[in-house]
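Participant: just need the structure, nothing else, for what follows:
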Amino acid sequence: MEHNEGSADSLSLTFGALADPTRRAILAKLRLGEETVTHLAEPFSLSLPAITKHLKVLERAGLIVRSREAKWRPSRLDAGPLKEASDWIGEYRDFWEARFDRLDEYLKQLQTVEQKKEKEHEQH
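Facilitator: Numbers count the residues shown, from 1 in each chain. Purely as a prediction, here's the structure:
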């Protein structure tokens, strides 16, 4: 994947939004469907303005969409940026899998050497 500034900005916004456990908990609630600010605030010991600030961060990152029509401005999840972040992380999957494969080979070699030593020890 090519590096481009727009992608980097959106990834920075996504990861910045995901860095906070309250925002991750809000996203988890929104996986189940649209919610109002009041309902989203229920499990937290935070004020409604504090929850609204979290929602603004999530909205700026494109992770949620807030209705402009309804009086209560319900929020809903928009998982597009999460897919982009997952795709970006996935680019490193091949790197780590190759590392694990090399580690596996090395451990097999060590095991073979150890087994040979044990056999030699048994023979003496």
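
Participant: contacting residues around residue 80?
Facilitator: Going by Cβ atoms under 8 Å, 6 or more residues apart in numbering, residue 80 touches residue 62. C-beta here means a position set from N, CA and C on the backbone, and glycine is covered the same way.

Participant: equivalent analysis for residue 51, please.
Facilitator: 26, 37, 40, 41, 44.

Participant: tell me how many other residues surround residue 75.
Facilitator: For residue 75, the neighbour count with other Cβ atoms under 10 Å is 25.

Participant: pretty sure it contacts residue 30?
Facilitator: Yes: when contacts are counted by Cβ atoms under 8 Å, residue 75 is listed as touching residue 30 (6.2 Å).

Participant: please tell me how far residue 79 sits from residue 57.
Facilitator: Separation of residue 79 from residue 57 (Cβ to Cβ, to the nearest Å): 16 Å.

Participant: who has more neighbours, the two?
Facilitator: residue 57 (19 against 14).

Participant: so who does that one touch?
Facilitator: 16, 17, 20, 23.

Participant: kindly report the same for residue 78.
Facilitator: 62, 63, 64, 65.
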